[in-house]
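K.L.:
Turn this into a structure:
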Amino acid sequence: MEPHTSLRACVGFLWLWVWCGMDGFRTSDIYFAAYLKVAGARMMGTERKGRRVVFIFEDQGPIAMRQLKGAYFADSAKVNVLSFVQAVKNMKELTVRNPIRPK
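P.N.:
Okay, the predicted model is just below:
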């Protein structure tokens, strides 16, 4: 993907925006963010876009991020369920607190 391009994917009735650029891999989907965290992607921070919180992860390269995204959307991702549930709780907590600024 080229820097600062966007990809729109439909998940059920939810439209998800995922950004990939020079300043990290971004998503506003709380469950996808939790999956990335549990799958080992390093979270760099969050930022608020209106009422929405965007989670920012270290971009691990186009191939690695494409594989993570592909596994998630194909429903073939393998992560620890308890870790995923805890990560969702942590991500929800970040949406109500002040965002973590990217480093």
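
K.L.:
Residue 80 reaches residue 38, doesn't it?
P.N.:
Yes: the criterion here is Cβ atoms under 8 Å, and residue 80 meets it with residue 38 at 6.6 Å. Placement of C-beta: from N, CA and C, glycine included.

K.L.:
In terms of packing, which of those two has more residues around it?
P.N.:
residue 38 (19 against 10; other Cβ atoms under 10 Å).

K.L.:
How about residues contacting the lengthiest helix in the chain?
P.N.:
Under DSSP state H, the helix in the chain containing the largest number of residues is helix 81-96. Here helix 81-96 makes contact (Cβ atoms under 8 Å, 6 or more residues apart in numbering) with 30, 31, 33, 34, 35, 37, 38, 46, 53, 55, 100.

K.L.:
count of neighbours near residue 34?
P.N.:
Residue 34 is flanked by 22 other residues according to other Cβ under 10 Å.

K.L.:
ok so it is a helix residue?
P.N.:
Yes: assignment of residue 34 by DSSP: H, G, I helix; E, B strand; the rest coil places it within a helix.

K.L.:
and the gap between the closest residue to it other than its chain neighbours and residue 79?
P.N.:
Spatially, and ignoring its direct neighbours in sequence, residue 34 is nearest to residue 87 (3.8 Å; Cβ to Cβ, 6 or more residues apart in numbering). Separation of residue 87 from residue 79 (Cβ to Cβ, to the nearest Å): 9 Å.
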